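Colleague: I would like to see how this sequence folds:
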Amino acid sequence: MTRKPLLIASWLDQSHVDRIAAAEPERVDVMYAPDLLPRPRYEADHYAPGPSLTDAERARWRSMVARAEISFDFDWERPAEMLAAAPNLRWVQSPSSGIGPMLERIGVMGSKLTVTNAAGIHAQPLAEFVLMAALYFAKEMPRLEAWKRNREWVRFCGYELAGSRMLLIGLGGAGARVAKLSDAIGVEVIGHRRSHAPPPPGVCRTVSAEEIDAELPNIDYLVLIAPDTAETKNMFDRRRLALLPSRAVVINIGRGSLLEEPALIDMLSAGRLRGAALDVFAKEPLPADSPFWSMPNVIVSPHSASTVVQENDRIVDLFIDNLRRFLDGRPMVNLFDHSRRY
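Modeller: Okay, the predicted model is just below:
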């Protein structure tokens, strides 16, 4: 049996590489050259700047890309040329979830290439970030931090999460986990998704796109986990944000394009919203002159809410499962839908 060339195009610990190689040793030939890959800046970093390759090193890397039929991640060096440079390539497993814009940028969108994403891998850390943000504002942390800096001792009255109401935009793997954890501590979770599938556990009811406006005046926490699509671009513009009550907190762990940022800044500055916790932004890295940096009622997270030390373990588990499915001709998990862009 001829073994299929499998390229690992993103840094993994050798133990992860060994697990992949041992999963199907008679059916795949694993190619891994860590000296030719971007060195991670932190655990599970798949977006580090690439090294400067010599001509000989680049020739080695290009030959590996050209051989690959299966790839763990996209070609870091020339992603826009991967389809042409890897004529035998049939499947790429991405270590990220929201990959639609990236596929469009590198010219893969709409191609025949099978792509699977990491949807669901980041559900737990994202859900924990949402709860952290909700608790941060419920327990008046901006006020406490200011008083601590000024050495002020002032008694005050805070809030409970129990009994509050959350509108959750996006009920995929991460959204489902947010709903389950939020419900467990007494938050009423209302969900919105494009499909008509039954709501996941923890969601008391779902609303259609046309019904969102009617819900906003009664929401304490607006949580955005939707992908970047034509339908979601500026989904929460100035008009919609103005429907939220002044006690509301906006939490965005989806994509920066979901929010009209200038409108959000204006409303936060005017006290028309209690706060925001943002892991994603319209422009990343967030520019140094962005007002978000200096706003005491805003949590700025550098698109890292999903990244935890367990990430690569989970992604490799997913990859091995998909590898066996691919080799056996069975349906794959997290198959990217080119028509829907996610």
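Colleague: Quick check: what element follows the lowest-mean-pLDDT helix or strand in the chain along the chain?
Modeller: Counting by mean pLDDT, DSSP states H and E, the weakest-scoring helix or strand in the chain turns out to be helix 100-105, with a mean of 92. Downstream of helix 100-105, the next assigned helix or strand under DSSP states H and E is strand 114-116.
Colleague: What is the subsequent helix or strand relative to that following strand?
Modeller: The element immediately downstream of strand 114-116 (helix or strand, assigned by DSSP H and E) is helix 123-138.
Colleague: which residues sit against that following helix?
Modeller: Contacts to helix 123-138, defined as C-beta atoms under 8 Å, 6 or more residues apart in numbering, come from residues 142, 158-161, 164, 166, 173-174, 176-178, 180-182, 185, 187, 221, 223, 225, 249, 251, 253, 274-275, 277, 279, 297, 299, 301, 305-308. (Each C-beta comes from the backbone N, C-alpha and C, glycine too.)
Colleague: Now, the residues you listed that are in strands?
Modeller: Assigned to strands by DSSP state E, the following of the contacts of helix 123-138 qualify: Met166, Tyr221, Val223, Val249, Ile251, Gly275, Ala277, Ile299.
Colleague: okay, those in JSON lines with distance to Glu24 and pLDDT next?
Modeller: Written out in JSON lines, the entries for those read as follows (distance: C-beta to C-beta, whole Å; pLDDT from 0 to 100):
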{"residue": "Met166", "distance to Glu24": "43", "pLDDT": "98"}
{"residue": "Tyr221", "distance to Glu24": "44", "pLDDT": "98"}
{"residue": "Val223", "distance to Glu24": "39", "pLDDT": "98"}
{"residue": "Val249", "distance to Glu24": "47", "pLDDT": "98"}
{"residue": "Ile251", "distance to Glu24": "41", "pLDDT": "99"}
{"residue": "Gly275", "distance to Glu24": "49", "pLDDT": "98"}
{"residue": "Ala277", "distance to Glu24": "42", "pLDDT": "98"}
{"residue": "Ile299", "distance to Glu24": "43", "pLDDT": "98"}
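Colleague: For the spatially closest residue to Arg238 that is not a sequence neighbour, which three-state class applies?
Modeller: Setting aside the residues directly before and after it, Arg238 is nearest to Ala263 in space (C-beta to C-beta, 6 or more residues apart in numbering), at 3.6 Å. Of the three states, Ala263 takes helix according to DSSP: H, G, I helix; E, B strand; the rest coil.
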